[in-house]
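Compute the structure for the input listed below.
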Amino acid sequence: MYYSRPRSRAASRAPSPIPSMFSKSPSSPAFEIERVPQSSARRSMAYLVPGYENSQEFRDYVLQLLEATNAPFTVSGRVKLESAQLMLFFRTKNGITHSLDFPVDVDYSLPPPLEVLIATSRPHHTSDFVAYPNRSSLIYPSDLPINFSLDLANHPILDAVRNTLFPNLPDGNYLSTVRDKLEIVNAGSRLNLQPHSLRQDGRTATIIVTLPSRFEGGALIVHNPQGLQETYLGRSGRIDEIEWTAFLPDCGYEVDTVQRGCRISISYGVFVRSFGPSASEPLIRPSDEYLDRLGSILNLSRGRRIAFHLEFDYSINPAESLAESVVPLLRGGDSLLYHAIKLYKLSPELHWTAGGYLWPIDRSVDFVSQDIVEGHPLWGYVLPGRVSDIPPLRGPFNTSHLADPATQAEHLRTRVEDNGAIALTEAKITVLTGWDASTAVAGKERVYLVSNGELGKLVVNILLVVFVP
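Now for the predicted structure:
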């Protein structure tokens, strides 16, 4: 197999021999450890019991607040903008296109385009049109084209929805919107409850944007499956902002009776999309010249495992995460190289590496349960980012038998090997660097450790390893 640019074309340009700068990493380079300055212990303070009455009413209020805080099902906000730049475009059945300018105040004047929009819309299918023909809400026909000049992607609405309703959404997943429908509630009308069963299209949330049209009443009420509800009274169509409300897909909503004016809103379905290196279809594609350069290296590396250092810091804890968890976070040249290798139908892997050692793909850098020199367990010593339920140690660590740097490095090397790491030479991996390996750019992550009672941080890098068949 010859590694040419991943296209249906001739073989890549003639490769040149690998220069001498591409060599196997030394078997035992020095570990890089950063020392953490010691700080005086803080004196614990006694917990003061607040002087609130233990009434059942107060407890119920606290319980309701905590339930709404711990599991929010809806969120609302406002976006400042120049409403004069907002326009709604729609086409009627006779093929004529109309544009409606904002803001709208029907008590002052009924714009002709709004009159056409209301005449084109039909009663909402959940309205009781037979019993109350003059109190039915309206919906614009889904088979007629409609467009709104507001682009949600240009405003931080989706960021607010993600942070509030989807705080645990994995990296590499993004929210996108699809326009759903336009609803109109005139004075004296209301929108009956819209159950979640009407929106079975795989959405993960719904966003309702209230357009700047003056009205009174018309509160938006969102219900969740547990029977809780949140009410948004609105601001009656202020001309300098628009209101939006988002809620989870298993929620229903309704609009209370509009007392005066006209309430116009557009709803959007929110969907989760996956892009980036972990997606089946990458978002970017390297240039042909870049692929040719990589192809030349692959052609001369058949039957070998080669590796590249990642360039950026990704601020994750190697003691609690696998290196592969960085894949959705890749950026810059790291993402470019990863995509290029994938386009050659190869399987790149990310590994932790430090001091000339490589951790298996399924292992984290977790060997901090003991002092690396003295060997005693770190009872009660809580490392940053870790949780321990063991009582804290009384007094300082024993530092009477300080070891020299060579002894500490040897102890650390032993702990690294016990943790499952193997030498790069033993793994037969060739790390590709520049002419001067000491100036090579490599991202750094850090693992806390204790040596001779002193807290330090082991600097760990990430290697992108690929086997070239």
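
ok, L310 - how many residues close by?
Using other C-beta atoms under 10 Å, L310 has 26 neighbouring residues. (Glycine included, C-beta is placed from N, CA and C.)

which residues touch the closest residue to it other than its chain neighbours?
Counting by C-beta to C-beta, 6 or more residues apart in numbering, the nearest residue to L310 once its immediate chain neighbours are dropped is I462, at 4.3 Å. The neighbourhood of I462, defined by C-beta atoms under 8 Å, 6 or more residues apart in numbering, consists of H309, L310, Y314, A323, V326, L350, H351, W352, T353, G443, E445.

Can you give me the pLDDT of I462?
Taken from the predicted model, the pLDDT recorded for I462 is 94.

Could you dump the contacts of I462 into CSV with secondary structure, pLDDT and distance to V272 added?
Compiled in CSV, the contacts of I462 are given as follows (DSSP: H, G, I helix; E, B strand; the rest coil; pLDDT from 0 to 100; distance: C-beta to C-beta, whole Å):
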residue, secondary structure, pLDDT, distance to V272
H309, strand, 92, 32
L310, coil, 92, 27
Y314, coil, 90, 22
A323, helix, 91, 25
V326, helix, 89, 21
L350, strand, 94, 24
H351, strand, 95, 29
W352, strand, 93, 29
T353, strand, 92, 33
G443, coil, 82, 28
E445, strand, 86, 28
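
does A307 count as helix, strand or coil?
Taking DSSP: H, G, I helix; E, B strand; the rest coil as the rule, one finds A307 in the strand state.

which residues sit in contact with it?
Residues touching A307, when contacts are defined by C-beta under 8 Å, 6+ apart, comprise H351, L424, I429, T430, V431, L432, L463, L464, V465, V466.

Highest neighbour count among these?
Of all the contacts of A307, the highest neighbour tally under other C-beta under 10 Å goes to L424, namely 26 neighbours.

Please tell me I have it right and that residue contacts W359.
No: checked against C-beta atoms under 8 Å, the pair L424 and W359 is beyond contact range at 11.1 Å.

what touches both of those two?
In contact with both L424 and W359: T353, using C-beta under 8 Å, 6+ apart.

for the stretch 101-250 of the chain, what spans make up the helices?
Chain-ordered helices for the stretch 101-250 of the chain, with DSSP state H, counting those that start in this stretch as the definition, fall at 112-120, 157-165.

pLDDT weak spots in this structure?
In the prediction, the chain carries residues with pLDDT under 70 at positions 1-2, 4-29, 34-54, 83, 127-135, 235-239, 275-283, 367-405, 435-440, 451-453.

Spatially central residue for it, please.
In the chain, the C-alpha closest to the average C-alpha coordinate belongs to D171, at a distance of 3.9 Å (C-alpha atoms, centre = their mean).

Derive a ChimeraX selection command for the buried subset of the contacts of I462.
The command below creates a ChimeraX selection of those among those that count as buried (16 or more other C-beta atoms under 10 Å):
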select :309,310,314,323,326,350,351,352,353,443,445
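
is the residue nearest to L310 in a bridge, and if so with what?
When assigned by DSSP bridges, I462 has beta-bridge partners W352.

Number the chain from 32, please
In the new numbering, first residue 32, that becomes I493.

got the residue ranges for the helices in the stretch 332-481 of the chain?
Counting by DSSP H, counting those that start in this stretch, the helices of the stretch 332-481 of the chain are 363-374, 436-449.

With mean neighbour count and distance to G265 added, can I get those helices in a markdown table?
What follows is the helices of the stretch 332-481 of the chain, written out as a markdown table (neighbours: other C-beta atoms under 10 Å; distance: least, C-beta to C-beta, whole Å):
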| stretch | mean neighbour count | distance to G265 |
| --- | --- | --- |
| helix 363-374 | 19 | 43 |
| helix 436-449 | 16 | 61 |
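
Pipe the ones you listed into JSON lines and attach distance to E320 per row.
Below are the helices of the stretch 332-481 of the chain laid out as JSON lines (distance: least, C-beta to C-beta, whole Å):
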{"stretch": "helix 363-374", "distance to E320": "11"}
{"stretch": "helix 436-449", "distance to E320": "39"}
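
Which one of the ones you listed lies nearest to P134?
Nearest to P134 among the helices of the stretch 332-481 of the chain is helix 363-374; the distance by C-beta to C-beta comes to 43.7 Å.

residues making contact with the closest one?
Looking at helix 363-374 with C-beta under 8 Å, 6+ apart, the contacting residues turn out to be 37, 307-308, 313, 315-317, 321-322, 325, 339, 341-343, 358, 361, 379, 474, 495, 497.

now do 7 Å
By C-beta atoms under 7 Å, 6 or more residues apart in numbering, the residues outside helix 363-374 that reach it are 37, 308, 313, 315-317, 321-322, 325, 339, 341-343, 361, 379, 495, 497.

how about the nearest residue to F104 once chain neighbours are set aside, phi and psi?
Nearest residue to F104 in three dimensions, chain neighbours excluded: N255, at 4.4 Å (C-beta to C-beta, 6+ apart). Dihedral pair for N255: phi -100, psi 170, per degrees, to the nearest 10.

didn't N255 look like it was pressed against C282?
Yes: A contact is recorded between N255 and C282 when judged using C-beta atoms under 7 Å, the distance being 5.1 Å.

Same drill for those two, tell me which one is more crowded.
Neighbour tally, N255 and C282, criterion other C-beta under 10 Å: the higher count belongs to C282, 22 against 18.

what lines up beside the longest strand belonging to the chain in the sheet?
Using DSSP state E, we find that the single longest strand of the chain is strand 289-305. For strand 289-305, sheet partners with direction are given as strand 204-217 (antiparallel), strand 236-241 (antiparallel), strand 246-248 (antiparallel), following DSSP bridges.

next structured bit after it?
Elements were assigned by DSSP states H and E; along the chain past strand 289-305, the next helix or strand is helix 319-330.
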